[in-house]
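Participant: Could you work out the structure for the sequence below:
(3 chains)
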Amino acid sequence: MKINFIPIDYDYFDFEGKNYAKIIGRDDKGKRVCIIDSCPNYLWAILKEKITSKKIDSLIKKISKIELNEKGRKTKVEKIEIKDKMFMGKKVKALKIFATNYKDLHSIASSLDFKEIEKRRGYDLGYVSHYIIEKKINPLRWYEISGEILNNSLEYGGIDSVLEVDLCFKLENSKEIEDKKFKPKVLAYDLETDGLKIGGGEILMVSLAGENFKKVITWKKTTKKKPDYVEYVEDESELLEKFVENIKKYSPDFLVGYHSDGFDLPYLKARADKLKIRLPLGLDGTPPKFSRGMVLSGKIKGITHVDILKFIRTAYSQYMQSETLSLNEVSKEFLGDNKKEFQIKHSSEITNSDWLDYYEYNLHDSILTLGLFEKFWPDLLEFSRVIQEPTFDISRNGLSKQVENYILHNLEKHNEIPEKRPTHEDIGKRRHMKSVEGAFVYEPKPGLYENIAMFDFTSMHTSIIISMNISKGTLLPKKEKNSFESPEVEYEGKKKKFYFSKEQGFIPLLLKEILEKRKKYKAEYKKNPNKITLARSNAFKLLSASVHGYIGFFGARYFSIESSASILSFVRKFNIETIEKVKKAGHEVIYGDTDSIAFLMNTKSEKQIKELLAKLNSELPGVMELELEDFFKRGLWVTTRSGKFGAKKKYALLDKKGKLKIRGFETVRRDWCPLARKIQNKIIKQILEEGNSKKSLKYIKTIIQKLKDRKIDKEDLIIKTQLKKPLSEYLSITPHVFAAKKMEEQKIPIDEGGLIKYYIAETEGKSKLVRDKVKLPNEKGIYEIDYYLNKQILPAVENIFQVFDINIQETIEGKKQTTLGEF
DNA sequence: GGTCCCTAGATACC
DNA sequence: ACAGGTATCTAGGGACC
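Facilitator: Just a heads-up that it's a prediction; the model follows:
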């Protein structure tokens, strides 16, 4: 029998000592299909150089005899092949050693204690990754598959008879076919509970949202007429049972929550355990399982559980406007929709009619979560396809893990044997290495400037890796003629240069392909805009931007501190050289950070600036490229607080369309009160638009008067600071820590990594400590004028006025004549 | 009680 | 542990006078 099949969820099992992949997906009619398959299991023994074939033969004989008894399971070497392979870009002879069970490859490797063997590799990938690499049954691509249908068969211990699928196949043949439309079945869920600690209180209700499907299951009833989507049950136990029942009935491919790895799913599990209910969500009737580690991941067999918060955090947060990753803010940014208004209280304090609002609130959270999944589905889909890992992992892995997986799935075309995962000891050593010197930042001369041009290097780190062929494998042990030479680097306390071979390394080559694909799909998107092409282009963009971080990340298989140090030394060199060249061309350079340079156009036209750009580009090696970021009408740079230096990483630009680009100023920092942020923003805008500070001076005076008259809205004075660790771990008690302590005393829940809100109020005591004046937003009090004037408003604007030689402090107090007359 | 200097902590830029 | 170096700034905390 032949069907068209798309793999979604991957798992594996052992039967009679052998490994089998178990893949759940759909056919093109929407039927749920499971395929069972196996693949050869092997590891590589890389041989030392110059081993005679006689010795190899005798080595093979010895290895062939290896038989192990692992955990009651017999495993043995089944076959050995000699292969010409590459390892770290060098030609090697290696033995491909096949064994019975993938999980025993570790033990086989340990028993390969022969002096002819240089290294043992390729036994430490996850089974699912190994299977995908071997059989090329890639996630979310269409295959025409054929095989034997298992129908309550006893094969594999009767595995198909307990699986809730329409068809179960023992895979015989597969071939990738043209992409077909695939619309996954998605169900989002959200809990409301009495308690924030996992399992700490009862689950009051749970909402579900899917296509044309919405439901709230609750045992908290109201005498008012309930909406149709609400289903009443008798108690929490029945709620859990109905929850499972509804999911089975809907039969989703993806079950989606927001922060559900950290809250909803473990909470459900904890309550089910307490009530002695099994919660058989898996297609084989098993309950959710949680992987160990710092952060839990909740896995449901056969259904891909996605905590969409995690994916947004790794793939999107760097490009987002939202100040927090709360469901509310993220939904506002991506869906233009809010959470429903509802003040969460303990169920004992909720009145009859409140429950109606609570149901709606609960339902809407699921609707938002579903909306976010749909919004990011093209990205999840394309990331899964590009990186070739199951969506479960794609949605949770950090960027370095994604890069590593991409590399591992693309080694074969370079005939490369995979490098091993670093051991704990390796990681410990790497972490204790002195960190390498980073990028260069040019100290700006404070001032308000007109007609500014800004250049920046396109994908600077990436293009350096490619152009200088930098990687662990291409690093030369010593200087060689005709090699790439890094600028001088401080390394292990000494000045040093590193050299990289000119023979193409596979990581630089992979990266080149990534960059080219990114360009290709970006262009394709421009020609024919659609979500999938954009998502694919984004996947390659994110991958290419993350490779340098990956190389310098201590947990990486292809970690190379020498490479990282070299890349950064080139980054500094090229930026500094460009600055010198722009100066030589007669321009005053105002600023530069890592890969950018801002300078005054002077009398030059835009055309002439572009000619300069072309000239600079002609002098750059390899794929390195400098591009025009933009021309700006005006730009503002200030001093640091001490007033001694031009402040780095802090500037504001006004482009020719009137759009502001503000970096580093308090107005973009969420730990300053809204009042200070709004005022600073307005002043920056006025100054850049007007070219002087006249208006702003008037404005600041009226605001200060308003503050002194206590006419400022309290909302505008609330300071928000994140609590980044448990209260007990803080060494110094800062205002936000003190505020958090107050919240704890008042039994106000503090969510992990949540923002602490407080304001500074007049107090009786004489204490000078800010924390002693901290009040929570719910606490009555009047704001302290002094604090907001001297610690919020003035600090936010004084460096700006200083650019115009105005000492705002003195101007406000009327002590000194201002230099306003100049304007 | 004030000043100085340092550290802890948060957040931003790239 | 899940990117990490460069940078700014506030508040607390201890040394010192």
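
Participant: And the nearest residue to A:Leu411 once chain neighbours are set aside, its phi and psi?
Facilitator: Leaving aside its chain neighbours, A:Leu411 sits nearest to A:Pro418 (5.7 Å; criterion: Cβ to Cβ, 6 or more residues apart in numbering). In this view, the C-beta of every residue, glycine as well, is placed from N, C-alpha and C. Dihedral angles of A:Pro418 (phi, psi; degrees, to the nearest 10) stand at phi -70, psi 140.

Participant: Okay, A:Pro418 and DNA strand B: tell me how far apart.
Facilitator: To DNA strand B, A:Pro418 is 30 Å away according to Cβ to the nearest atom of the strand, to the nearest Å.

Participant: what pLDDT does that residue get?
Facilitator: As predicted, A:Pro418 sits at a pLDDT of 97.

Participant: My guess is A:Thr314 contacts A:Asn397. True?
Facilitator: Yes. Contact criterion Cβ atoms under 8 Å: A:Thr314 and A:Asn397 qualify, at 7.2 Å.

Participant: contacting residues around A:Glu588?
Facilitator: Contacts here follow Cβ atoms under 8 Å, 6 or more residues apart in numbering; on that basis A:Glu588 touches A:Phe599, A:Leu600, A:Asn602.

Participant: Which entries in the residues you listed are shared with the contacts of DNA strand B?
Facilitator: Within the set of those, contact with DNA strand B (Cβ under 7 Å from any atom of the strand) is found for no member.

Participant: Let's see which of those residues end up in helices.
Facilitator: Among the contacts of A:Glu588, none falls in helices (DSSP state H).

Participant: In what element of secondary structure is A:Glu148 found?
Facilitator: A:Glu148 is part of strand A:143-149 when elements are defined by DSSP states H and E.

Participant: That strand pairs with which strands, and in what direction?
Facilitator: Within its sheet, strand A:143-149 is paired with strand A:2-15 (antiparallel), strand A:167-176 (antiparallel), according to DSSP bridges.

Participant: Could you say which of those strands is packed most deeply?
Facilitator: strand A:2-15 (a mean of 19; mean count of other Cβ atoms under 10 Å).

Participant: three-state assignment of the most centrally placed residue in chain A?
Facilitator: Centroid-nearest residue in chain A, with Cα atoms, centre = their mean: A:Thr314, separated by 1.1 Å. Following DSSP: H, G, I helix; E, B strand; the rest coil, A:Thr314 is assigned to helix.

Participant: Look up how far A:Thr721 lies from it.
Facilitator: 24 Å (Cβ to Cβ, to the nearest Å).

Participant: residues near the residue of the stretch 701-823 of chain A found nearest DNA strand C, how many?
Facilitator: Nearest residue of the stretch 701-823 of chain A to DNA strand C: A:Arg771, at 3.3 Å (Cβ to the nearest atom of the strand). Counted with other Cβ atoms under 10 Å, residues neighbouring A:Arg771 total 18.

Participant: For it, which non-adjacent residue is spatially closest?
Facilitator: Spatial nearest neighbour of A:Arg771, excluding adjacent residues (Cβ to Cβ, 6+ apart): A:Phe738 at 3.9 Å.

Participant: Quick check, pLDDT for the one you found.
Facilitator: 95.

Participant: Scan the contacts of A:Glu588 and report the most crowded one.
Facilitator: A:Phe599 (26 neighbours).

Participant: who touches A:Ile35 in this structure?
Facilitator: By Cβ under 8 Å, 6+ apart, the contact set of A:Ile35 is A:Phe5, A:Pro7, A:Lys22, A:Ile23, A:Gly25, A:Ile137, A:Ile145, A:Gly147, A:Cys168, A:Phe169, A:Lys170, A:Leu171.

Participant: Could you check how far A:Asn152 is from A:Ala598?
Facilitator: 71 Å.

Participant: Can you pick out the residue with more neighbours from the two?
Facilitator: Set A:Asn152 next to A:Ala598 and count neighbours by other Cβ under 10 Å: A:Ala598 wins out with 26 against 9.

Participant: quick one on the thing from earlier: could the strands paired with strand A:143-149 be laid out in CSV, adding mean pLDDT and distance to A:Lys708?
Facilitator: Below are the strands paired with strand A:143-149 laid out as CSV (pLDDT from 0 to 100; distance: least, Cβ to Cβ, whole Å):
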stretch, mean pLDDT, distance to A:Lys708
strand A:2-15, 96, 63
strand A:167-176, 95, 72
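
Participant: right, and these - which one's nearest DNA strand C?
Facilitator: Minimum separation from DNA strand C across those (Cβ to the nearest atom of the strand) falls at strand A:2-15, 19.2 Å.

Participant: next SSE after the closest one?
Facilitator: Later in the chain than strand A:2-15, the nearest helix or strand by DSSP H and E is strand A:18-27.

Participant: Partner strands of that next one, with direction?
Facilitator: According to DSSP bridges, strand A:18-27 forms sheet pairs with strand A:2-15 (antiparallel), strand A:32-37 (antiparallel).

Participant: Dump those into TSV; add distance to A:Lys83 as well.
Facilitator: TSV is the format used below for those (distance: least, Cβ to Cβ, whole Å):
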stretch	distance to A:Lys83
strand A:2-15	26
strand A:32-37	24
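
Participant: The residue nearest to A:Asp357 when sequence neighbours are not counted: how many residues sit nearby?
Facilitator: Spatially, and ignoring its direct neighbours in sequence, A:Asp357 is nearest to A:Phe342 (5.2 Å; Cβ to Cβ, 6+ apart). Neighbour count of A:Phe342, defined by other Cβ under 10 Å: 16.

Participant: so what's A:Phe342 up against?
Facilitator: A:Phe342 neighbours (Cβ under 8 Å, 6+ apart): A:Asp357, A:Tyr358, A:Glu360, A:Tyr361.

Participant: Just the buried ones among these, please.
Facilitator: Buried members of the contacts of A:Phe342, scored by 16 or more other Cβ atoms under 10 Å, are A:Tyr358, A:Glu360, A:Tyr361.

Participant: Roughly how far does the last one sit from A:Leu265?
Facilitator: If I follow you right, that is A:Tyr361. From A:Tyr361 to A:Leu265 the distance is 20 Å (Cβ to Cβ).

Participant: now do the second one
Facilitator: Here the distance between A:Glu360 and A:Leu265 works out to 23 Å (Cβ to Cβ).

Participant: Same question for the first one.
Facilitator: Plainly put, A:Tyr358 is 21 Å away from A:Leu265 if you go by Cβ to Cβ.

Participant: Just confirm A:Phe574 is within a strand.
Facilitator: No. Counting by three-state DSSP, A:Phe574 falls outside a strand, being helix.
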